[in-house]
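**Q** here's a sequence, model it:
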Amino acid sequence: MKLAVIGDPVEHSRSPGLHRAFLRDAEIDGSYVAIRVPGGNAIAVIRRMRLDGYTGCNITYPLKEEALRACDKLTDEAQHAEAVNTVFFGPEIVGHNTDGIGARSALETLLDEPIALKRIGVLGYGATARAIMAHFSECDAYVFVWGRDDAKVQAACERYDAQPFPYESPPEIVISTLPPHVRFEPPMLDALMRADIVMDANYGERATLRRQLEREIVPGDAMLEAQAHASFDFWLAHIDGVAPETPV
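**A** All right, here's what the predicted structure looks like:
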């Protein structure tokens, strides 16, 4: 299996180490590399990767929306999120999204129970946020959205059966998909301090929310690991002789 992650930046990515471990555990001869691809280049690079014999690739910021247009087929998860973070190169280029399942798996492991009927706030309305909102809504969680653009918040609420973030009665669980170093105004700071669980989708040096809030934050490592495993399983499910193909 010839695999990669593309995005900009990618130097910080843990994906190569995770997937190389998955390959070893599965006793599969393969490789996984990180390739820096600036925005505006995803379509050409993805199509070239197919010609170069890649089995699949992961997509990270800022290419998840751009990658949609490189795919011949999209799974329901990619369509609902309007973003792709996993590509399989077969007779067709298939785009998938595992960010939602990654966030749910990480959160349910932490809670030791399903997210159904939980009140969960999502900060942001970008590619990762949309994948989380789409998946969580399907899992019967109550989803709330926060962002600085009211029109985009309203659009996300309508698409994902969510509601605007309620400052007066903030959700018990909050997941931030915002870039590092975002600064919050007092109402949101107060809401984040009152939440039982705050998860930052960033990890490593990019997980800066802890310093701003000065409270316990769940970093994005568990979410990354879960979505990476879901991506690896997706690739295996499409390779004859390794795993049975599953409907997408």
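**Q** does the nearest residue to residue 141 once chain neighbours are set aside count as helix, strand or coil?
**A** The spatially closest residue to residue 141, leaving aside those adjacent along the chain, is residue 115, at 4.7 Å (C-beta to C-beta, 6 or more residues apart in numbering). No exception for glycine: its C-beta is placed from N, CA and C like everyone else's. Recorded secondary structure, residue 115: coil (DSSP: H, G, I helix; E, B strand; the rest coil).
**Q** and the nearest residue to residue 10 once chain neighbours are set aside, bridged to which residues?
**A** Among residues not flanking residue 10 along the chain, residue 34 sits closest, at 4.3 Å (C-beta to C-beta, 6+ apart). Listed by DSSP bridges, the beta-bridge partners for residue 34 are residue 5.
**Q** the nearest residue to residue 9 once chain neighbours are set aside - how many residues pack around it?
**A** In space, and not counting its chain neighbours, residue 9 is closest to residue 36: 6.9 Å by C-beta to C-beta, 6+ apart. By other C-beta atoms under 10 Å, the residues close to residue 36 number 12.
**Q** residue 36 is in contact with residue 12, isn't it?
**A** No: here residue 36 does not reach residue 12: they are 11.3 Å apart, not a contact under C-beta atoms under 8 Å.
**Q** then the longest helix along the chain to CSV, C-alphas only?
**A** Using DSSP state H, we find that the single longest helix of the chain is helix 221-236. Output of helix 221-236 as CSV, limited to C-alpha atoms (Å, rounded to 0.1, in the frame of the first residue of the first chain):
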residue,chain,number,x,y,z
ASP,A,221,-4.8,13.3,19.7
ALA,A,222,-7.6,10.8,20.4
MET,A,223,-9.8,12.2,17.7
LEU,A,224,-6.9,12.1,15.3
GLU,A,225,-6.1,8.5,16.1
ALA,A,226,-9.7,7.4,15.8
GLN,A,227,-10.2,9.1,12.4
ALA,A,228,-6.9,7.7,11.2
HIS,A,229,-8.0,4.2,12.0
ALA,A,230,-11.3,4.7,10.3
SER,A,231,-9.4,5.9,7.2
PHE,A,232,-7.1,2.9,7.2
ASP,A,233,-10.2,0.6,7.6
PHE,A,234,-11.8,2.4,4.7
TRP,A,235,-8.8,1.7,2.4
LEU,A,236,-8.6,-2.0,3.5
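**Q** contacting residues around it?
**A** 1, 3, 14-15, 18-19, 22, 26, 55-56, 58, 85-86, 88, 96, 98-99, 101-106, 109-110, 199, 201, 203, 242-243 (C-beta atoms under 8 Å, 6 or more residues apart in numbering).
**Q** avg pLDDT for it?
**A** For helix 221-236, mean pLDDT rounds to 97.
**Q** next one: stretch 106-116
**A** Rounded mean pLDDT across stretch 106-116 is 97.
**Q** now do the buried residues in stretch 16-33.
**A** 16, 18-19, 22-23, 32-33 (16 or more other C-beta atoms under 10 Å).
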